[in-house]
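Trainee: using only what follows, build the 3D model:
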Amino acid sequence: MKKLIIISMILLVSSLTLYADDDSTFCNNPQAWDHINSMVDKNPEDIPLQILHALKIGLCVKIDQNSISSPEAIHLFNDMVDTMAEKRDEEEAREGKEEL
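Mentor: Below you'll find the model as predicted:
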């Protein structure tokens, strides 16, 4: 199960950053939403994935309210993707050391 979560995070990082590059499609890309919603449904226990999903939803609400620009939202989202990936790497490194 742990390997599945790691694989899903790798896929998430590689795919969501692509979706977060274009101002016009960050919130309005049905394929991107289908992809992240599917991943969330398949991995409800993956907290970093849940955080990224919630962040994207919240950022899109903020964009609709004109309280944040798309470029700002994309920057924040990509920063969080990077943070989650780094955190996952650190956790894996700690777990690897514990197994030795």
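
Trainee: might one say that Q50 is in contact with V40?
Mentor: Yes. Using Cβ atoms under 8 Å, Q50 is in contact with V40, at 6.5 Å. No exception for glycine: its C-beta is placed from N, CA and C like everyone else's.

Trainee: so for those two, which sits in the more crowded spot?
Mentor: Neighbours around Q50 and V40, counted as other Cβ atoms under 10 Å, are more numerous at V40. The numbers are 17 against 14.

Trainee: let me know whether the more buried one touches H53 as I believe.
Mentor: Yes. Taking Cβ under 8 Å as the definition, V40 is a contact partner of H53 at 4.9 Å.

Trainee: at which residues are the helices of the protein located?
Mentor: Per DSSP state H, the chain carries helices over the ranges 2-19, 30-42, 47-64, 70-99.

Trainee: a markdown table for those helices, including mean pLDDT?
Mentor: Below are the helices of the chain laid out as a markdown table (pLDDT from 0 to 100):
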| stretch | mean pLDDT |
| --- | --- |
| helix 2-19 | 53 |
| helix 30-42 | 91 |
| helix 47-64 | 94 |
| helix 70-99 | 86 |
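
Trainee: no further queries at this time; thank you.
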